[in-house]
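K.L.:
3D model of this:
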Amino acid sequence: MCSTDIADVYFSCTSKDKEHLRQTKVHVEKAGYSTWWDVEKGSGGGASSENLLHDAAQAIDGCHVFICCISKDYLNSPLAAKEVKLAGYWGKCIIPVKVGALPLNTAGQEEWPPNHEIAPHLRKLFSVDLTDPKNYSVRIRELLSRLEGVLRPGPTGERGLGVEKVIPVDDMQPDDVCQLLAKLFIPQEKIERFIANGVSGKDLLDFSDEDLRGEDLQLTQIQVKKLRKELQKLLNPPQRERPQLPASSASSQPGAAGGAAGSSASQQAVENSLAILARNKEKGDPEQIVMALRSCVHDNRVQVEGMQVIRNLVWGKAEEQNAVAAAGGIEAVIAGMLSHRDNMDVQEMGCSALGNLAWSNSAIQLRISELGGIEEIIRATQTHVKSGGGMQKCT
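P.N.:
Down below sits the predicted model:
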């Protein structure tokens with residue numbers, strides 16, 4: 001297939017891994033999907049790297065699903081890293097496939113996502129492991145099922161647009177369950193237990209909390225709570241609410257009565273958010289905390305209080321760090337810092353909250369960096385130290 005053709009599936013891999021992947025590519029094509037890969041990548045000759053990247057960029061732009069075939073060779077390929085970044089920036093559905101050994105962490109275990117510049121694009125994705133010949137047929141079925149979830153034709157007969165569809169819980173297959181768990185920051189070693197036990201969506205609905213915490217699956221109480229909340233959302237999707245005008249916008253409307261009403265509503269929202277945060281100081285509910293921060297991003301009191309609750313909640317606790325991150329806490333803290341750049345209390349508490357979230361958690365460190373959090377911390381430190389502010393917790 002030429003680089004200008006649109007393919008359903010783009011295989012991003014190195015030349016050393018292609019032989020291992022040929023059978024996989026055939027399986028995907030037999031399932032009815034068109035594929036593309038660069039036959040010259042990493043060959044050491046022929047087209048220049050610039051031309052190869054140009055061709056790859058065209059193919060990535062036209063594909064629906066981007067399969068990155070990860071191995072040590074892949075992680076050492078600058079061109080492969082550029083392809084993953086392009087796919088991420090363009091919003092393609094990325095499916096990681098493990099085709100070789102990965103670097104080990106300090107505990108002697110393969111790290112996922114790998115400690116690499118492409119990690120931000122893989123952090124919430126569960127990889128399909130094709131390295132074990134004994135389980136190859138099972139993994140291929142898993143891969144094809146995930147492709148089907150994305151590429152299933154719509155009412156007009158056209159393929160999906162590279163965005164994974166929301167699958168009803170009752171219809172979730174084991175690989176769908178794995179994706180759900182990965183998005184909740186459940187560690188991969190625990191997700192492997194769900195695979196080994198063939199847990200489907202119906203099983204999740206039937207299982208008790210004791211089943212999920214039992215010897216076979218070994219989730220913690222916090223992980224069970226996160227999973228239950230996510231299942232509830234999928235079973236009962238929340239209704240979209242019309243965005244409320246900020247207080248400043250409401251008060252600028254003609255008529256004193258309209259301005260007073262807007263100010264009153266805004267003040268009530270602030271009081272509600274502060275009450276929510278007060279209830280969540282000890283054993284915080286990450287979703288309620290984040291909701292309070294987001295609903296009153298304009299109010300510095302709510303921002304300081306909410307960031308302080310997050311800071312105290314996550315300190316030294318990996319489960320709570322991941323729970324807050326999954327609820328959107330990183331984004332909420334950074335948004336608050338952006339909205340109150342001149343307020344030293346907000347900046348200091350935001351830096352402190354981000355620091356505790358990132359402590360010994362590489363996935364969250366990468367997420368903070370990806371969202372521009374590092375730049376905000378540096379800016380806050382420089383601005384308020386130069387202006388005579390304290391900022392002890394940032395420096």
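K.L.:
tell me how many other residues crowd Val333.
P.N.:
As a burial measure, Val333 scores 30 neighbours (other C-beta atoms under 10 Å). Every C-beta, even on glycine, is put in place using the N, C-alpha and C of the backbone.
K.L.:
please identify the helix or strand for it.
P.N.:
For Val333, the host element (DSSP states H and E) is helix 329-339.
K.L.:
show me what counts as buried in that helix.
P.N.:
Gly329, Ile330, Glu331, Ala332, Val333, Ile334, Ala335, Gly336, Met337 (16 or more other C-beta atoms under 10 Å).
K.L.:
so, low pLDDT: which residues of the stretch 51-200 of the chain?
P.N.:
51-52, 152-166, 185 (pLDDT under 70).
K.L.:
which parts of it are helices?
P.N.:
Secondary structure of the stretch 51-200 of the chain (DSSP state H, counting those that start in this stretch): helices at 72-75, 78-89, 136-151, 174-183, 188-196.
K.L.:
other SSEs contacting the third one?
P.N.:
Helix 136-151 is packed against helix 15-30, strand 65-70, strand 93-98, strand 128-129, helix 174-183, with contacts defined by 3 or more C-beta pairs under 8 Å, 6 or more residues apart in numbering; DSSP states H and E.
K.L.:
if we can go back for a sec, after the helix holding Val333 comes which helix or strand?
P.N.:
Remark: after helix 329-339, the chain's next helix or strand is helix 344-358, criterion DSSP H and E.
K.L.:
give the rounded mean pLDDT of that following helix.
P.N.:
Mean pLDDT, computed over helix 344-358, is 91.
K.L.:
report all helices and strands that it contacts.
P.N.:
helix 300-314, helix 318-326, helix 329-339, helix 362-370, helix 373-386.
K.L.:
now it: how far from the chain's centre is it?
P.N.:
21 Å (C-alpha atoms, centre = their mean, to the nearest Å).
K.L.:
please apply the same query to stretch 9-25.
P.N.:
25 Å.
K.L.:
next one: stretch 289-309
P.N.:
22 Å.
K.L.:
average pLDDT for it?
P.N.:
91.
K.L.:
could you tell me the end-to-end distance of that stretch?
P.N.:
Start-to-end span of stretch 289-309 (C-alpha to C-alpha, to the nearest Å) is 8 Å.
K.L.:
buried residues in that stretch?
P.N.:
Buried residues in stretch 289-309, counted by 16+ other C-beta under 10 Å: 289-300, 302-309.
K.L.:
over to stretch 130-138?
P.N.:
Leu130, Val138.
K.L.:
test my guess that Ser12 contacts Ala87.
P.N.:
Yes - the pair Ser12 and Ala87 passes the contact test of C-beta atoms under 8 Å, sitting 7.5 Å apart.
K.L.:
between the two, which one's more packed in?
P.N.:
Ser12 (30 against 26).
K.L.:
beta-bridge partners for that one, please?
P.N.:
Residues in a beta bridge with Ser12, per DSSP bridges, are Cys68.
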